[in-house]
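>>> Sequence first, predicted model second:
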Amino acid sequence: MRQRAARPKHSTWLPNFRRYLRERPGLYSEALSVNSSTLTCVGNDYGYDFVFSRQVEAFAQPGDVLIGMTTSGSSRNVVLALQARSGAAR
């Protein structure tokens with residue numbers, strides 16, 4: 001379980017801070033699954049289906065890219081986050 005939870009954070013860090021073919025500026029990225037305080041707070045107040053969508057509503061800016069990672073393809077909390085981003089883009 002820990003490996004799965006850590007994979008998104010590692011995935012956001014690796015390509016954004018390492019060199020790839022040439023030196024370039026770093027890009028900001030964030031894994032929404034790693035802040036245990038936020039996950040607990042949102043989960044307790046809104047329900048765990050909304051732990052990612054509430055963060056997307058709070059942090060997403062125009063031009064941002066959201067990537068949803070789910071092993072089943074139908075995790076409600078990931079689907080709601082993608083829907084929240086889609087709504088924010090309008």
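Thanks, I have the structure now.
>>> Okay, the residue nearest to the spatial centre of the chain and F59: tell me how far apart.
Nearest residue to the geometric centre of the chain (C-alpha atoms, centre = their mean): L32, 3.7 Å. Applying C-beta to C-beta, to the nearest Å, the value for L32 to F59 is 8 Å. Where you see a C-beta, it was placed from the backbone N, CA and C, and this is true even at glycine.
>>> ditto for S37
S37 is 15 Å from F59, where distance means C-beta to C-beta.
>>> Would you mind telling me which of those two has more residues around it?
Ranked by neighbour count (other C-beta atoms under 10 Å), S37 and F59 place F59 first, with 12 against 7.
>>> The nearest residue to that one once chain neighbours are set aside - how many residues pack around it?
Closest residue to F59 apart from its sequence neighbours, by C-beta to C-beta, 6 or more residues apart in numbering: E30 at 7.2 Å. E30 sits with 13 neighbouring residues when counted by other C-beta under 10 Å.
>>> Could you list the low-pLDDT ranges of the chain?
1-20, 26, 88-90 (pLDDT under 70).
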